[in-house]
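K.L.:
here are the coordinates; sequence isn't available:
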């Protein structure tokens, strides 16, 4: 292969960036859901959650 | 009557709760198709022929071009979201615009770095301040500016309005990027794929390029949907914390 440093450098950088974004968004989602579940477990709910079906119909 | 039903279905989707349910069903499919396309695209990227002049550095194009395409598509999506925020004041439009900015910045950075790594062996330099490279660099700075602006304000609706105006003003840069290679004499090559008279590159390079472009695009939509969900949850948490604080104050 010609210019392996530039080719693998490019793919390596792109892979690193993409994996970093996937990890960041995935971890952020898990943390948010856990936080929301903890709040709901402590009895704090949104108004709409008291009667979910009546609001959406 | 059917028009009214269609509009009502579309607006139902724009409801954050319905969006969460809809995206939960869609994300695994998008992620799986994107992953399969990446496997095929990467296989094609490293098994097809190199270019007779560029050698194997042509393989850098299979990630550089899709990343550059996404950098512009992402900003276009943000501009449409900005119109949704300013005209219809739709909360999901604001969330979509805000969450797209970090993704746009990341893909723009990938395009800049991979372009530089291709430029060194082919042009003899990592960087040159020509119209295409400079306008893409400005796009990257605009993404960073919009991320900073959104984070600098505590009130999400105020931040959304200001960021939307700035996003729309910055949209002028998108046609400048697209046509910079035609309007000015640039070191960057002129358009070779989306041309009126068809692509100017060989099918040997087109297949890996299209597969990777599709994989990148589906990856972007997967990540964007996930990021929108995260932001909806983030705002719900903030609302619930405010409610809890209000309830606690009343009890005191």
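P.N.:
Received it, and whenever you're ready, just let me know what you need. Everything quoted here is computed from the prediction, not taken from an experiment.
K.L.:
what about residue A:5, neighbour count?
P.N.:
10 (other C-beta atoms under 10 Å in any protein chain shown). Using the backbone N, CA and C atoms, a C-beta is placed for each residue, glycine as well.
K.L.:
let me know the pLDDT of it.
P.N.:
Note for residue A:5: predicted pLDDT of 93.
K.L.:
got it, and the one 3 residues further on?
P.N.:
The score at residue A:8 is 95. That number is its pLDDT.
K.L.:
flag every residue of the stretch 101-250 of chain B that's near chain A.
P.N.:
Counting by C-beta under 8 Å from any C-beta of the partner chain, the residues of the stretch 101-250 of chain B lying close to chain A are B:102-103, B:106, B:109-110, B:113-114, B:117-118, B:120-121, B:219, B:223, B:226-227, B:229-230, B:233-234, B:236-237, B:239-241, B:243-244, B:247.
K.L.:
just want the most central residue of chain B.
P.N.:
Chain B has residue B:74 as the residue nearest its centroid, 2.7 Å off, counting by C-alpha atoms, centre = their mean.
K.L.:
for the helix or strand in which that residue is found, buried residues please.
P.N.:
Element membership of residue B:74, judged by DSSP states H and E, is helix B:61-87. Across helix B:61-87, burial judged by 16 or more other C-beta atoms under 10 Å in any protein chain shown covers B:61-75, B:77-86.
K.L.:
output the contacting helices and strands for that helix.
P.N.:
On a contact count with 3 or more C-beta pairs under 8 Å, 6 or more residues apart in numbering or on different chains; DSSP states H and E, helix B:61-87 meets helix A:4-41, helix B:16-47, helix B:91-123, helix B:131-152, helix B:156-170, helix B:173-183, helix B:203-251.
K.L.:
what mean pLDDT does the fifth one have?
P.N.:
Which is helix B:156-170. 92.
K.L.:
with the fourth one instead?
P.N.:
Mean pLDDT, helix B:131-152: 94.
K.L.:
next, the contact list for the residue lying closest to the residue nearest to the centre of chain B once chain neighbours are set aside, please.
P.N.:
Leaving aside its chain neighbours, residue B:74 sits nearest to residue B:104 (3.6 Å; criterion: C-beta to C-beta, 6 or more residues apart in numbering or on different chains). Listed by C-beta atoms under 8 Å, 6 or more residues apart in numbering or on different chains, the contact set of residue B:104 reads B:70, B:71, B:74, B:75, B:78, B:139, B:143.
K.L.:
distance check, residue B:164 against residue B:93.
P.N.:
8 Å (C-beta to C-beta, to the nearest Å).
K.L.:
and for residue B:167?
P.N.:
For residue B:167, the distance to residue B:93 - C-beta to C-beta - is 11 Å.
K.L.:
re the thing from before, my read: the residue nearest to the centre of chain B touches residue B:103, true?
P.N.:
Yes. The pair residue B:74 and residue B:103 passes the contact test of C-beta atoms under 8 Å, sitting 5.9 Å apart.
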